[in-house]
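**Student:** next come a sequence and a model predicted from it.
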Amino acid sequence: MPDVDDAVATIDRFLRTAAEEDQLTLLGSGEGVWDVLVPSTWKESIAVTLRLGDWSLQGEAFFLRAPEDNRPESFHLLLQRNVRSGPWRFAANAAGDATLHAYLPRAAISEDELDRLLGALVTLSDETYAPYMRLAYQRALEEQVRRGGPGVDQPPPWAR
C-alpha cells in the first residue's frame, strides 16, 4: 500500500498538472484535502472535494437540490443510476439534496485512476442531469418553457 506521503504527492501532482492544462480548477488544498472544479456540459462545472483517509480517497460532489416534483420517481432514477455509475454513488443529504460520493482504495491511487474518477463523475452527472431535471422540476421547467426559456432539450449556453 502506498504510504500517505506518496498518495498525497500523486494526488497533488495530478491535480496541479490538470489545472495547468486547464482540465480543472484547483480551488485549494491542504492536509490531505483538495477542492476542485471539473468542467461539465450541463452544470458548467462540478465542485468536488477529495479527502485522503487512512484507507481510501473519498470524493464528494453536490449534484442538484432536492426534488420539487415527482420525489419518489426522482430518487428512483438516481438509485437506478447507482448500478452502473462506476465509483460514484448518489445519496441524499438531510435536506434531500442529491449528492455524489466515491471511494478509491488508497492502494489504487494513481494518476490514471484519478483521471478515471473525475471523468466518471462528469459522465454520470451529465448523463443524469436532464432526466433528473425533467422529473424533479417538471412544473418549473414547464413554466420556464411557457415563458420562452430553453428547458432542458438543448445544451446550455456555455456548452455551445
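**Tutor:** Here it is on my side, so go on.
**Student:** what residues are bridge-paired with residue 103?
**Tutor:** Note on residue 103: beta-bridge partners residue 58, judged by DSSP bridges.
**Student:** show the pLDDT at residue 151.
**Tutor:** For residue 151, the pLDDT comes out at 78.
**Student:** next one: phi and psi at the nearest residue to it once chain neighbours are set aside?
**Tutor:** Excluding the flanking residues, the one nearest residue 151 by Cβ to Cβ, 6 or more residues apart in numbering is residue 145, at 4.6 Å. Backbone N, C-alpha and C define where each C-beta goes, glycine included. For residue 145, the backbone dihedrals (degrees, to the nearest 10) come out as phi -70, psi -40.
**Student:** wait, residue 145 sits on residue 139?
**Tutor:** No. Checked against Cβ atoms under 8 Å, the pair residue 145 and residue 139 is beyond contact range at 11.0 Å.
**Student:** those two: who's more crowded?
**Tutor:** residue 145 (13 against 10; other Cβ atoms under 10 Å).
**Student:** buried sites along the strand or helix carrying residue 77?
**Tutor:** If you go by DSSP states H and E, residue 77 is part of helix 71-82. For helix 71-82, burial by neighbour count (16 or more other Cβ atoms under 10 Å) applies to 74-75, 77-78, 81.
**Student:** which one of these is nearest to residue 6?
**Tutor:** Proximity to residue 6 was ranked across those by Cβ to Cβ; first place goes to residue 81, at 33.0 Å.
**Student:** what's the pLDDT at that closest one?
**Tutor:** Predicted confidence (pLDDT) for residue 81: 95.
**Student:** now do the one 5 residues further on
**Tutor:** Looking at residue 86, its pLDDT is 88.
**Student:** confirm it sits in a helix?
**Tutor:** No. In this structure, residue 86 is coil, not part of a helix, as judged by DSSP: H, G, I helix; E, B strand; the rest coil.
**Student:** before I go, just wanted to say thanks for your time.
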